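**Q** Give me coordinates for this.
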Amino acid sequence: MNLDFLYNINEGPLRSALIVCVAALMALVLAVILHRIGILLVRRLARGHAFTVTASQVAFNASRLCVMLFMLRLVLTGAPDNTPGLTTASYLSSIALILALTWFLMRCVKSVSVTVVNLNPYDVADNLKARRILTQTRVLSRSAYFLIALLGLSFVLLSLPGARQFGASLLASAGVAGIVAGIAAKPVLGNFFAGLQIAFSQPIRIDDVLIVKGEWGRVEEITGTFVVVRIWDERRMIVPLQWFIENPFENWTHTSSTILGTVFLWLDFSVPAPAVRAEFERFCKIQPLWDGRVCVMHVTDTSERTMQLRLLVSARDSGSAFDLRCLIREHMIAFIARAYPHALPRLRAQVMESEGGGETVAGATMS
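**A** Coordinates of the predicted model:
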């Protein structure tokens, strides 16, 4: 947009600056109108396409700012050379346009993440696939944020004469060779690569049940540098991403959320195992927490005092398994105490007859 004709009509740098400001305001108003028309056309043409509709909502403000700054750049490019403050305004508008484009790209990545999450809800019973997709989306989107921000900062520095060399160095560090070379000295980049590895190989996912350093918890959040594990008592354990790559841990929901739970009972040898087994199976069948797969009882061990009964049950997830084990333990102890009280562990005294016809306590054992 060339404004030389306005400069010729209205001679003088101050009058020229005023005309440029008026033209800039008109360009900004025109940019808002064109942006609104463009968004309406995109939404009409992309009706039924989830990503485009979401992008038009999530990136609305960022795209409008980009159009406004682009129109402002056109005005400043056509302004007369002797317009006061033209050089400074051009530098500031260029930097602002780069930052706006960076913001716009990050909002586009955000729209992709939101669309994927909306299309794959994980608040359902069988959410293994949804949690896998959600984990990949969150980790990859945060990695994309990091790269976009790094590139945006590099281009900002390249646009400044005094910082071009530093900007070029920073831009080069965004390459694969620069990242690989910096892993040893940059733990952040190490976590960045660990995040990518977790996104693709997925040893952990959002809402996975883990045993980390002896603590039972669920994966609440996976950021670009650490994982938030929600412990069962509502504490939060913050674990670096690299820890999950370098250390062994238990994942109870890696392939499925279903799990087996055990209840151990130590009873006297006189307890009738078939009767206990029948009551155990009957109780499991009426429990909604039982998923109907496994319900077995075995005598797994004996000692000189008692025998060990293992009650094995299955549930749809670890939380249900814990509650079911507690219910079974409570019910079976009450059943045995009511039906076979002699079968509970107790102090047993051995009584022998003496030569005089009396009775003598020879010893006592706990059974």
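**Q** contacts, neighbours, all on C-alpha from now
**A** Will do.
**Q** what's the span of stretch 46-55, first residue to last?
**A** The straight-line separation of the ends of stretch 46-55 (CA to CA, to the nearest Å) is 11 Å.
**Q** What of stretch 295-315?
**A** Counting by CA to CA, the terminal residues of stretch 295-315 are separated by 10 Å.
**Q** Stretch 261-272 now?
**A** 23 Å.
**Q** give the contact list for residue 120.
**A** 130, 133, 134 (CA atoms under 8 Å, 6 or more residues apart in numbering).
**Q** buried ones in the helix or strand hosting residue 54?
**A** Using DSSP states H and E, residue 54 sits within helix 50-58. Residues of helix 50-58 classed as buried under the neighbour-count rule (16 or more other CA atoms under 10 Å) are 50, 51, 52, 53, 54, 55, 56, 58.
**Q** and that helix, what does it pack onto?
**A** helix 13-45, helix 86-119 (3 or more CA pairs under 8 Å, 6 or more residues apart in numbering; DSSP states H and E).
**Q** Next secondary structure after the last one?
**A** Using DSSP H and E, the helix or strand that directly follows helix 86-119 along the chain is helix 128-158.
**Q** moving C-terminal of the helix or strand residue 274 falls within, what's the next helix or strand?
**A** Assigned by DSSP H and E, residue 274 belongs to helix 273-285. Toward the C-terminal end, the helix or strand that comes next after helix 273-285 (DSSP H and E) is strand 290-302.
**Q** quick one: contacts of that following strand?
**A** So strand 290-302 is contacted by 260, 277, 280-281, 284-285, 307-316, 320-321, 324 (CA under 8 Å, 6+ apart).
**Q** Relative to the helix or strand that it is followed by, what are the paired strands and their orientations?
**A** Per DSSP H and E, the first helix or strand lying C-terminal to strand 290-302 is strand 307-315. Counting by DSSP bridges, the strands paired with strand 307-315 are strand 259-267 (antiparallel), strand 290-302 (antiparallel).
**Q** List the buried residues of the last one.
**A** Across strand 290-302, burial judged by 16+ other CA under 10 Å covers 290, 291, 294, 295, 296, 297.
**Q** Point out where the stretch 1-150 of the chain drops to low pLDDT.
**A** Filtered on pLDDT under 70, the stretch 1-150 of the chain yields the residue ranges 1-13, 15-17, 48, 80-82, 122-128.
**Q** circling back: among the contacts of residue 120, find me the one that's closest to residue 65.
**A** residue 134 (30.0 Å; CA to CA).
**Q** Show the average pLDDT along stretch 251-268.
**A** Average pLDDT, stretch 251-268: 84.
**Q** An error on my part: the question was meant for stretch 338-354.
**A** Here the average pLDDT along stretch 338-354 is 70.
**Q** Tell me, how many residues neighbour residue 153?
**A** For residue 153, the count of nearby residues is 18 (other CA atoms under 10 Å).
**Q** Out of the helices and strands packed on helix 50-58, flag the one nearest residue 63.
**A** Closest to residue 63 of these is helix 86-119 (CA to CA; 6.0 Å).
**Q** buried set for the closest one?
**A** Quick answer for helix 86-119 (16+ other CA under 10 Å): 86, 90, 93-117.
**Q** Stretch 248-262 too?
**A** Buried residues in stretch 248-262 (16+ other CA under 10 Å): 249, 251, 252, 253, 254, 257, 258, 259, 260, 261, 262.
**Q** sorry, back to before: next, the angle from the helix holding residue 54 to helix 86-119.
**A** Calculated by axes from the mean of the first three to the mean of the last three CA atoms, to 10 degrees, helix 50-58 forms an angle of 130 degrees with helix 86-119.
**Q** hmm, who's touching helix 50-58?
**A** Against helix 50-58 from outside (CA under 8 Å, 6+ apart): 39, 42, 43, 46, 47, 107, 108, 110, 111, 112, 114, 115.
**Q** go on, stretch 249-256?
**A** With CA under 8 Å, 6+ apart as the criterion, stretch 249-256 contacts 128, 203, 204, 208, 209, 210, 211, 212, 213, 259, 318.
**Q** which phi and psi does the fifth one have?
**A** Comment: the main-chain dihedrals of residue 209 come out as phi -100, psi 120, following degrees, to the nearest 10.
**Q** got it, and the fourth one?
**A** For residue 208, the backbone dihedrals (degrees, to the nearest 10) come out as phi -70, psi 150.
**Q** Just give me how far the helix or strand encompassing residue 74 sits from the chain centre.
**A** Secondary structure assigned from DSSP H and E places residue 74 in helix 60-78. The chain centroid and the centroid of helix 60-78 are separated by 36 Å under CA atoms, centre = their mean, to the nearest Å.
**Q** mind listing what's buried in it?
**A** Those would be 60, 62-73, 75-76, for helix 60-78 by 16+ other CA under 10 Å.
**Q** still on that earlier bit, distance to residue 335 for the helices and strands packed on helix 50-58 - can I get that in TSV?
**A** TSV is the format used below for the helices and strands packed on helix 50-58 (distance: least, CA to CA, whole Å):
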stretch	distance to residue 335
helix 13-45	66
helix 86-119	48
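**Q** ok, the residue nearest to residue 280 when sequence neighbours are not counted to residue 14 distance?
**A** Distances taken as CA to CA, 6 or more residues apart in numbering place residue 332 nearest to residue 280, at 7.1 Å, with adjacent residues excluded. Applying CA to CA, the value for residue 332 to residue 14 is 94 Å.
**Q** When the two are compared, which one has more neighbours?
**A** Neighbour tally, residue 332 and residue 14, criterion other CA under 10 Å: the higher count belongs to residue 332, 19 against 13.
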